[in-house]
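**Q** Structure for this input, please:
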Amino acid sequence: MKGERTLKYRWIIFIILLAAYFLVYYQRNLPATLDTIIVDDLGQGIATLWAAVYFYVYAAFQLPVGLMTDKIGPKKILSAALVVITVGTLTISLADTFLVLMIGKIIMSCGMACIYVPLTKIIVVWFMKKDFALLNGIVIATGNFAGIMAAEPTRIILEMIGWRSVFITIGMITMILAVLCIIFVRNRPRDIGAREIPEIYPGEIQTNETYEKVPLKSGIRTVVGGGRAFWMPAGMYFLVFGTMMLFQGRWIVTYFNNIYEFAVAGTVMLTLLAVGKMISTALASTVAKKLGSKRKTVLSACIGYLTVWGIIWLFAGEINVLLFWAGVSFMFGFLSGFASLGFAQAKEWFSVAISGTVIALFNTMVFLGGGILQTISIWVINEHTKTLGEFTNMWAIAFFCVAIACVFAYLSVDNKKGSLKEIIPYTSRRERHEDDIHKMEWPGSYRFKKVQIREHSRQKHIRIARKMIERGR
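**A** The predicted model follows:
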C-alpha cells in the first residue's frame with residue numbers, strides 16, 4: 001500500500017511543478033510580445049534592458065540554488081520561489097514608472113531562477129533513473145509549448161484585457177501554485193510515510209545517495225579545468241542560446257512588424273519558431289543516437305543554424321513573402337533546438353558526484369549569453385527608430401557569433417563509453433584532511449564538523465582526528 005501511495009502521489013507533485021515551469025518559460029518569452037507595449041505605455045525606459053535583466057539574475061542564482069536545494073530541500077525552495085514570482089509579477093502589473101517595472105522584473109526573475117534545479121531533484125528522488133530522460137523531455141516540451149502560448153495567443157488576449165490584466169492573471173495563478181506546492185509537494189516519499197523508490201524497486205540506486213559529496217571548491221575547480229570537455233560545448237551553447245534569445249526572446253515580433261507589411265503580426269513568426277524548437281528538442285536524443293555522436297549532431301545543426309542566420313542577415317528587408325519567412329522562422333527554432341545536446345555532451349564527461357556543479361556552471365554560461373547579446377542590441381538598435389540598417393548590423397553580429405559557435409562545436413569531443421575516461425573531481429590534500437574530519441564523530445553528542453575550528457589550531461585537530469581514525473581501524 002505504501003508503495004502504491006508513492007507511485008500515485010509523485011504524479012501530483014510532478015503536475016504541480018510542471019505547471020510552475022510552464023509559467024517560468026512563458027514569462028521568459030513574454031518580452032518579445034509585450035515589452036515594447038509596456039514601455040510605450042509607461043512612456044519611459046528601455047525595453048531591451050527590461051528583457052535582458054532576467055538572464056543576468058538567472059545566471060547569478062544557479063550555483064546558490066543548487067547549494068540551497070541540497071541543504072534545505074526542494075520543497076522550501078520551490079514554495080518560496082513561487083511566492084517571490086507572485087510578488088514580482090504583481091509589482092509589474094502595478095508599475096507606474098520604469099524603475100518600479102525593473103524592480104518587479106528583478107524580483108520575479110529571482111523566483112524564476114529557483115524552479116528548474118529543485119524540479120530536477122524532485123524527479124531524481126521520486127522516480128526511477130530510467131524515467132529521468134522521459135520526464136525531463138516532458139519538462140522541456142512543456143517549456144516550448146509555453147513559448148508558443150507566449151506568442152500569438154498572448155497577443156490576442158492582450159488586445160482583449162490589456163497588459164496589466166495579463167500580469168495580474170499570471171500572479172494569481174502563480175499564487176495558487178505556491179499554495180498547492182506548500183500543501184502537496186514533499187522532498188521525498190518518506191515525508192508522507194510512504195516507501196522510497198529503492199524499496200519499491202530493488203536494485204534501483206539513486207545517485208544522490210550513492211555518491212559522496214564533493215566540496216564545492218573542488219567541483220568548480222574540476223569543471224573549470226575540464227578543457228574542451230566543458231568549455232567547447234558551453235561556449236557553443238553560450239553563443240547559440242544568446243543569439244536565439246536575441247531573436248526569439250526580444251526582437252522577432254518588433255522586426256517583422258516594423259520592417260515587413262504582412263497581414264498577420266510578427267507573433268505568428270514567433271509561434272512557428274517555438275513549434276520548430278519543440279519538435280527538435282523532442283527529436284534531438286533520437287537523432288544523436290542514429291548518427292552515433294552528439295558532436296556530429298550539434299555541429300550539423302550549428303551549420304544549418306548559421307545558414308538561417310545568413311539568410312536573415314543578407315536578405316533583411318527583402319523577399320516580402322510571408323511563407324518564406326514563416327519557413328525561415330520554423331527552421332530557426334528547429335535547428336537551434338539541437339544545440340541543447342551540448343549540455344548532455346559536457347555532462348557525460350564528469351563524475352556523477354559533481355553533476356550538480358556541471359549543471360549550475362553550464363546554465364550560468366548559457367543565461368549569460370542570453371543577457372549579453374540582448375544588452376549588446378541596446379547599443380546597436382535604437383529603441384525609438386528601429387531602422388532596417390540597425391537590424392541588419394545586429395543580425396551581422398549574431399551571424400558571426402554563430403560562426404564562432406560552429407568552431408566550438410567542431411572542437412568539442414564526445415565521451416564514448418568504453419573508450420574515454422570520465423573526469424573525476426579534484427581534491428587537494430587539505431580538502432582530503434578536512435573531509436576526514438567531517439566524517440568523524442568526537443566522543444559526545446555532537447559531530448566534530450559542527451565545531452568552529454580556529455585557523456591556528458587546524459593542523460593540531462587534523463593530527464588528533466588521524467589518530468582517532470587509526471584507532472577506529
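**Q** Okay, domains of this protein per the record?
**A** Domain ranges of the chain: 1-210, 214-427, 430-472, per automatic domain parsing.
**Q** hey, least reliable of those domains by pLDDT?
**A** The minimum mean pLDDT among the domains of the chain belongs to domain 430-472 (a mean of 46).
**Q** Now mean neighbour count too, for the domains of the chain, in a markdown table please.
**A** Quick note: C-beta positions are derived from backbone N, CA and C, even for glycine. Putting these into a markdown table (neighbours: other Cβ atoms under 10 Å) gives the following:
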| stretch | mean neighbour count |
| --- | --- |
| domain 1-210 | 19 |
| domain 214-427 | 20 |
| domain 430-472 | 12 |
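**Q** packing partners for the strand or helix carrying residue 270?
**A** Element membership for residue 270 (DSSP states H and E) is helix 267-291. In terms of contacts (3 or more Cβ pairs under 8 Å, 6 or more residues apart in numbering; DSSP states H and E), helix 267-291 is packed against helix 31-42, helix 132-149, helix 152-161, helix 252-259, helix 294-314, helix 322-337, helix 341-347.
**Q** So which of those is nearest residue 23?
**A** helix 132-149 (7.4 Å; Cβ to Cβ).
**Q** Restricting the selection to alpha carbons, write that closest one to PDB.
**A** Taking C-alpha atoms only, helix 132-149 is exported to PDB below (Å, rounded to 0.1, in the frame of the first residue of the first chain):
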ATOM      1  CA  PHE A 132      14.600  10.800 -15.900                       C
ATOM      2  CA  ALA A 133      15.200  11.300 -19.700                       C
ATOM      3  CA  LEU A 134      11.500  10.900 -20.500                       C
ATOM      4  CA  LEU A 135      10.300  13.200 -17.700                       C
ATOM      5  CA  ASN A 136      13.000  15.800 -18.500                       C
ATOM      6  CA  GLY A 137      11.800  15.700 -22.100                       C
ATOM      7  CA  ILE A 138       8.300  16.300 -20.900                       C
ATOM      8  CA  VAL A 139       9.500  19.300 -18.900                       C
ATOM      9  CA  ILE A 140      11.400  20.800 -21.900                       C
ATOM     10  CA  ALA A 141       8.400  20.100 -24.200                       C
ATOM     11  CA  THR A 142       6.100  21.900 -21.700                       C
ATOM     12  CA  GLY A 143       8.500  24.900 -21.800                       C
ATOM     13  CA  ASN A 144       8.500  25.000 -25.600                       C
ATOM     14  CA  PHE A 145       4.700  24.900 -25.500                       C
ATOM     15  CA  ALA A 146       4.800  27.800 -23.100                       C
ATOM     16  CA  GLY A 147       6.900  29.700 -25.700                       C
ATOM     17  CA  ILE A 148       4.100  29.100 -28.300                       C
ATOM     18  CA  MET A 149       1.500  30.400 -25.900                       C
END
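**Q** is it true that residue 61 touches residue 115?
**A** No. Counting by Cβ atoms under 8 Å, residue 61 does not reach residue 115; the two are 10.4 Å apart.
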